[in-house]
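Engineer: could you look at this predicted model? Sequence included:
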There are 2 protein chains.
Amino acid sequence: MRTLIIISHPTIEESLNQQFFKEASAGLPATWHHLESSYPDGKIDIETELQLLAQHDRIIFQFPFYWYSSPAHLKIWQDNVLERAAHVLKGKELGIVLTTGVAEKEYQAGGKEEYTISEFLRPYQRIANKFHMTYLPPFVLAQFMYLSQEKRWEKLIAYQQYLSLEGKPSLTQRIDWFIQRVQENQKMQEEESEKQAYIVEALTEAKEQIEDLTFTLQEMKGTSL
Amino acid sequence: MRTLIIISHPTIEESLNQQFFKEASAGLPATWHHLESSYPDGKIDIETELQLLAQHDRIIFQFPFYWYSSPAHLKIWQDNVLERAAHVLKGKELGIVLTTGVAEKEYQAGGKEEYTISEFLRPYQRIANKFHMTYLPPFVLAQFMYLSQEKRWEKLIAYQQYLSLEGKPSLTQRIDWFIQRVQENQKMQEEESEKQAYIVEALTEAKEQIEDLTFTLQEMKGTSL
């Protein structure tokens, strides 16, 4: 699976969020496509965009929340490209990667932002449905500045999985993916292998425990019938 | 009350909807402000925009639905102007005038467009609330091409009232407004006065009937206590 990350951000070089995402996406089968760099004057090359869409299976719109929507550049892209994109989008996946300076819990009735992120993103959800695409649950990175190193590490893994794990993965699929990634890294970086081997071991054990529990549960169901 | 109509439409001269609105707004205390004409290159003059906002009491965003949002030019305006506009927007009204080629009834669960217009417009509603503005119920003009002359006439009156009637008016306020408008026209166009006098008479009668009914209802309430 190949992923196209269409980013709209007018000052991307100053964005810690986007630096974090860019580093996280390195080495994955994902294409980084920043609209404001590609088209500073807003004149979209529609043929190039259609080709890019055709070459990828998962399409991501990645942007900071500007007035509860994307920055204007992504809207320019939409207004130019989408009406000709039906044949290249059908059957693919659409994901939204959203950054916000406001805590995620404020996006609810009674919260400071009143409405849920799902509600604000209805236009994107509807676009996905209109083009017979699968709409993925949005990936939200809120208040990156205030995240602990541990939380950032979790978000990095989750983002990498959002870009590259097929479908809507189960926990064991997520762990398998992680083990595979770590094993790939091991080959490349021998000096870190000891630490990583330990993680693989711990995760493999966790996975086995989950499988044991699942088996036990199924047995219990079997006897109660 | 003065109304600022901020229009975003990339091909306004070809739009029957916008011609209709422009003619309907003539003679009202409303300023017609088309973004694509004012800023063809998308470079917004922020000071001019802040002055315009300061000079008006009701702000209207008027646009065709492009991918369940405004055309990109209005987003450019928002991204440039709004973060400096808090002091000029507070306490004012925000209205959305929306045109669509799809029937209004398709905007609901189970309809072709799945979500309500209110849901798609959440970003604008939230902007209004964030700036302590009063959010007016959106004015929707759907499938103008297919409207009968009578329906167009109704929409014209409703649009004029949306631009110029204060607050959320009652039926009798709407009728008063209409009578006043017709009386103003009478002074200017004597040749049409006979027909218009008849309308005034009919409407005055309707208003009296409503007042009678209201009075009767209040009396009935009084006796049942």
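Structural biologist: Nice, thanks for sending it over.

Engineer: interface residues of chain A facing chain B?
Structural biologist: Selection of chain A residues close to chain B by C-beta under 8 Å from any C-beta of the partner chain yields A:10, A:42, A:66-72, A:75-76, A:78-79, A:82, A:113-115, A:119-120, A:122-123, A:125-127, A:129. Backbone N, C-alpha and C define where each C-beta goes, glycine included.

Engineer: apply 6 Å and report the result again.
Structural biologist: Within chain A, the residues that sit near chain B (C-beta under 6 Å from any C-beta of the partner chain) are A:66-69, A:72, A:75-76, A:78-79, A:114-115, A:119-120, A:122-123, A:126-127.

Engineer: which residues touch the residue most central in space within chain A?
Structural biologist: Note on chain A: the residue nearest the mean C-alpha position is residue A:162, at 3.5 Å, using C-alpha atoms, centre = their mean. Going by C-beta atoms under 6 Å, 6 or more residues apart in numbering or on different chains, residue A:162 touches residue A:139.

Engineer: state the helix or strand in which it lies.
Structural biologist: Taking DSSP states H and E as the definition, residue A:162 sits inside helix A:149-164.

Engineer: tell me the helix or strand right after that helix.
Structural biologist: Past helix A:149-164, the next helix or strand by DSSP H and E is helix A:171-188.

Engineer: who does the helix or strand bottoming out on mean pLDDT in chain A touch, helix- and strand-wise?
Structural biologist: Here the helix or strand of chain A ranked lowest by mean pLDDT, DSSP states H and E is helix A:193-224, holding a mean of 74. Contacts defined by 3 or more C-beta pairs under 6 Å, 6 or more residues apart in numbering or on different chains; DSSP states H and E place helix A:193-224 against helix A:171-188.

Engineer: C-alpha coordinates for the helix it packs on, CSV please?
Structural biologist: In CSV, the C-alpha atoms belonging to helix A:171-188 read as follows (Å, rounded to 0.1, in the frame of the first residue of the first chain):
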residue,chain,number,x,y,z
LEU,A,171,-4.4,-4.8,18.5
THR,A,172,-2.4,-7.9,17.5
GLN,A,173,-2.0,-6.6,13.9
ARG,A,174,-0.7,-3.4,15.4
ILE,A,175,1.8,-5.3,17.5
ASP,A,176,2.9,-7.5,14.6
TRP,A,177,3.5,-4.3,12.6
PHE,A,178,5.6,-2.9,15.3
ILE,A,179,7.6,-6.1,15.7
GLN,A,180,8.3,-6.1,12.0
ARG,A,181,9.3,-2.5,12.0
VAL,A,182,11.7,-3.1,14.9
GLN,A,183,13.2,-6.1,13.3
GLU,A,184,13.8,-4.1,10.1
ASN,A,185,15.5,-1.4,12.2
GLN,A,186,17.6,-4.1,13.9
LYS,A,187,19.2,-5.1,10.6
MET,A,188,20.1,-1.5,9.9
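
Engineer: show the average pLDDT along the helix or strand containing residue A:87.
Structural biologist: Here residue A:87, judged by DSSP H and E, is contained in helix A:86-89. Per-region confidence: helix A:86-89 scores 97 on mean pLDDT.

Engineer: so after that helix, what's the next helix or strand?
Structural biologist: Sequence order places strand A:93-100 as the next helix or strand after helix A:86-89, per DSSP H and E.

Engineer: hmm, who's touching that next one?
Structural biologist: A:17, A:58-62, A:64-65, A:121, A:124, A:128, A:133-136, A:138-142.

Engineer: can you list which of the residues you listed are found in strands?
Structural biologist: Mapping those onto strands (DSSP state E) picks out A:58-62, A:64, A:134-135, A:139-142.

Engineer: going by neighbour count, which of those residues comes out on top?
Structural biologist: residue A:62 (27 neighbours; other C-beta atoms under 10 Å in any protein chain shown).

Engineer: quick revisit: the helix holding residue A:87: how far from the chain's middle?
Structural biologist: Taking C-alpha atoms, centre = their mean, to the nearest Å, one finds the center of helix A:86-89 at 21 Å from the center of the full chain.

Engineer: contacts for that helix, please.
Structural biologist: Under C-beta under 6 Å, 6+ apart, the answer for helix A:86-89 is A:50, A:53-54, A:131, A:133.

Engineer: what does stretch A:136-149 give?
Structural biologist: Contacts of stretch A:136-149 (C-beta under 6 Å, 6+ apart): A:16-17, A:93, A:95-100, A:103-104, A:162.

Engineer: low-confidence bits of chain A, can you list those?
Structural biologist: A:186, A:188-196, A:223-225 (pLDDT under 70).

Engineer: domain parsing for it?
Structural biologist: A:1-167, A:169-224 (the TED database).

Engineer: tell me which of the ones you listed sits most buried.
Structural biologist: Stretch with highest mean neighbour count among the domains of chain A: domain A:1-167 (a mean of 17; mean count of other C-beta atoms under 10 Å in any protein chain shown).

Engineer: that older thread, report the backbone C-alpha coordinates of the helix holding residue A:87 in CSV.
Structural biologist: The C-alpha trace of helix A:86-89 is given here as CSV (Å, rounded to 0.1, in the frame of the first residue of the first chain):
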residue,chain,number,x,y,z
ALA,A,86,-13.8,10.6,-9.4
HIS,A,87,-12.1,7.9,-11.5
VAL,A,88,-8.8,8.0,-9.5
LEU,A,89,-10.4,8.2,-6.0
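
Engineer: and the helix holding residue A:162, how far out from the chain middle?
Structural biologist: With C-alpha atoms, centre = their mean, you get 9 Å for helix A:149-164.

Engineer: and the direction of it versus that of strand A:93-100, what angle?
Structural biologist: For helix A:149-164 against strand A:93-100, the angle by axes from the mean of the first three to the mean of the last three C-alpha atoms, to 10 degrees is 150 degrees.

Engineer: bridged to residue A:99, which residues?
Structural biologist: residue A:64, residue A:141 (DSSP bridges).

Engineer: from residue A:178, how far off is it?
Structural biologist: Per C-beta to C-beta, to the nearest Å, residue A:99 is found 23 Å from residue A:178.

Engineer: residue contacts, residue A:150?
Structural biologist: Residue A:150 neighbours (C-beta under 6 Å, 6+ apart): none.

Engineer: next one: it from residue A:162, what distance?
Structural biologist: Residue A:150 is 19 Å from residue A:162, by C-beta to C-beta.

Engineer: now do residue A:176
Structural biologist: According to C-beta to C-beta, residue A:176 and residue A:162 sit 16 Å apart.

Engineer: do I have it right that residue A:7 meets residue A:62?
Structural biologist: Yes: counting by C-beta atoms under 6 Å, residue A:7 touches residue A:62, with 4.6 Å between them.

Engineer: what's near enough to touch residue A:52?
Structural biologist: residue A:4.

Engineer: what about it, distance to residue A:44?
Structural biologist: Relative to residue A:44, and taking C-beta to C-beta, residue A:52 is found at 11 Å.

Engineer: show me whatever sits in contact with both of the two.
Structural biologist: Joint contacts of residue A:52 and residue A:44 (C-beta under 6 Å, 6+ apart) do not exist.
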